[in-house]
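**Q** What follows is a protein structure lacking sequence information:
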DNA sequence: TGAAATGTTGGGGCG
DNA sequence: ACGCCCCAACATTTC
């Protein structure tokens, strides 16, 4: 064909892009298109911060396209309508896109494919969800056998290089990437494919060696920090998996090897939750486990707000929520701790937490976010047993031993000693005065007693599973 | 990818 | 020397 459209959705990159490669294979001219879908832009689940990250990513993609002789066409409207218009404007004979797995995206694409020549390629995950089935043909719901099957599949093809030159059509109108009225410039996660490549290289060249031991430490930069880039496809999952694979082969000792394998395992969890959402889309609405769909959650706006604002009185929980609010990202260990606190200590419906995380995380992905929340709630596939209740004090002591994470995000506690940093309410009043942190005044008294809350949630869940 | 409760062991103090 | 108790340290079970 002469002309094709590359419909960009969650693949804001030129390298290792199967949709772009397929389009270039079929057509002389490939028009890169991003559709600003009002359904998504105006969704209450999208924060200004995530939009800012997306828009920055689009601007940078446009720059890369310009340097290759092309440009990004941004149009606003209902995707099917916009693509219709563009097909007649450009006389394009095909639309190429990377298949998405969320219920909204699949429904949208199903409508488009009825009317337009849409060809979907894999790419959002390392292995496509429909390739990872039990021998019987049914989907997995337990991680370990899923992971075994994942490993048994041949590794996907090597990452494709970015095309060097692209051609476009003259006079195509682009709406342009919108400017947000006011967005707090996110310096922690600069958008873009180039940034993602730098981070991947830096991580897999060195930090990955310590990943297995450091990844849970909230006070260290032990994680890859790649999730926002994977979320928007500024980095391809395949390339990440290959990088893990190569780091494993090049590892100089068993510790480094373990680091690479642990990180690859996290990428497999990502594939796992994508497959779960693909095969069980109802998990966005309700618990995977039917017996846990009727937990009598507490209606506690005050408690929820304290959680949101990082004012629960539990230092690690508050540090984590403030990190999320300030940066659009939260350490993975902290996600489990804050989720456990909302669900098990406050006994608030996990879907309220899921929703808040989706609104505020740059990496907010329906599959991984839902999987994580249902895991903590004990309602999901292969989830933590319901009686596994995180103790925020012990988690703090274990994974932020000197309290550096807490002190950074909760400045009221910056002068509290190591001995009390995770239990500031235990400071004698004289010590409180000495460190300038009066509990109940400068920093809240715990809004709930953990020991009581633990008993309460165990009783409620016991009722559910019986 | 927990934590608390309960059980067991073994060293040391002491009568 | 011996038995007893205490309790920390560790192991196992339970939620």
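**A** Ah, there it is. All values derive from a computational prediction rather than experimental measurement. Numbers count the residues shown, from 1 in each chain, chains lettered A, B, ... in the order given.
**Q** List the buried residues in the longest helix anywhere in chain A.
**A** Counting by DSSP state H, the longest helix found in chain A is helix A:254-279. Judged by neighbour count using 16 or more other Cβ atoms under 10 Å, the buried positions of helix A:254-279 are A:256-261, A:263-279. Where you see a C-beta, it was placed from the backbone N, CA and C, and this is true even at glycine.
**Q** again, but for stretch A:451-464
**A** Going by neighbour count (16+ other Cβ under 10 Å), the buried part of stretch A:451-464 is A:453-454, A:456-457, A:460-461, A:464.
**Q** and what of stretch A:75-90?
**A** A:75, A:79-80, A:82-83, A:86-87, A:90.
**Q** chain center to it: distance?
**A** Centroid displacement of stretch A:75-90 relative to its chain, using Cα atoms, centre = their mean, to the nearest Å, is 29 Å.
**Q** Please list the outside residues in contact with stretch A:389-398.
**A** Contacting residues not belonging to stretch A:389-398 are listed as A:314-317, A:333, A:336-337, A:340-341, A:344-345, A:403, A:406, A:421-423, A:450, A:454, A:457-458 [Cβ atoms under 8 Å, 6 or more residues apart in numbering].
**Q** Let me know whether that stretch sits next to DNA strand B.
**A** Yes - using Cβ under 7 Å from any atom of the strand, stretch A:389-398 reaches DNA strand B at A:389-391, A:394-395, A:398.
**Q** which ones are touching residue A:379?
**A** Contacts of residue A:379 by Cβ under 8 Å, 6+ apart are A:287-289, A:292-293, A:350.
**Q** Closest one of those residues to residue A:131?
**A** Nearest to residue A:131 out of the contacts of residue A:379 is residue A:288 (Cβ to Cβ; 21.5 Å).
**Q** Quick check: which element contains the closest one?
**A** For residue A:288, there is no host helix or strand (DSSP states H and E).
**Q** shouldn't it be in contact with residue A:377?
**A** No - with contact defined as Cβ atoms under 8 Å, residue A:288 does not count as touching residue A:377 (9.8 Å).
**Q** and the spatially closest residue to residue A:347 that is not a sequence neighbour, what helix or strand is that in?
**A** Leaving aside its sequence neighbours, residue A:347 sits nearest to residue A:298 (Cβ to Cβ, 6 or more residues apart in numbering; 4.4 Å). Assigned by DSSP H and E, residue A:298 belongs to neither a helix nor a strand.
**Q** Residue A:436 and DNA strand C, how far apart?
**A** Distance from residue A:436 to DNA strand C, counting by Cβ to the nearest atom of the strand, to the nearest Å: 33 Å.
**Q** An error on my part: the question was meant for residue A:84.
**A** Look at residue A:84 and DNA strand C: by Cβ to the nearest atom of the strand, they are 57 Å apart.
**Q** returning to that earlier point: ok, the contacts of residue A:379 vs residue A:6, which is closest?
**A** Within these, proximity to residue A:6 (Cβ to Cβ) peaks at residue A:288, which comes in at 35.2 Å.
**Q** check contacts around that closest one.
**A** With Cβ under 8 Å, 6+ apart, residue A:288 has these contacts: A:141, A:276, A:280, A:374, A:379-381, A:383.
**Q** What of residue A:188?
**A** Residue A:188 sits in contact with A:327-329, where contact means Cβ under 8 Å, 6+ apart.
**Q** Which stretches in chain A count as strands?
**A** Counting by DSSP state E, chain A has strands at residues A:3-8, A:29-36, A:73-76, A:94-98, A:118-121.
**Q** With DNA strand C as the reference, name the closest of these.
**A** Nearest of the strands of chain A to DNA strand C, taken as Cβ to the nearest atom of the strand: strand A:94-98 at 42.0 Å.
**Q** Neighbouring strands - and their directions - for the closest one?
**A** strand A:3-8 (parallel), strand A:118-121 (parallel) (DSSP bridges).
**Q** Identify, out of those, the most deeply packed stretch.
**A** Most buried of these, by mean neighbour count (mean count of other Cβ atoms under 10 Å): strand A:3-8, with a mean of 26.
**Q** what residues does chain A put near DNA strand C?
**A** A:385, A:387, A:458, A:462.
**Q** where's the dip in pLDDT among those residues?
**A** Across those, the smallest pLDDT goes to residue A:385, namely 86.
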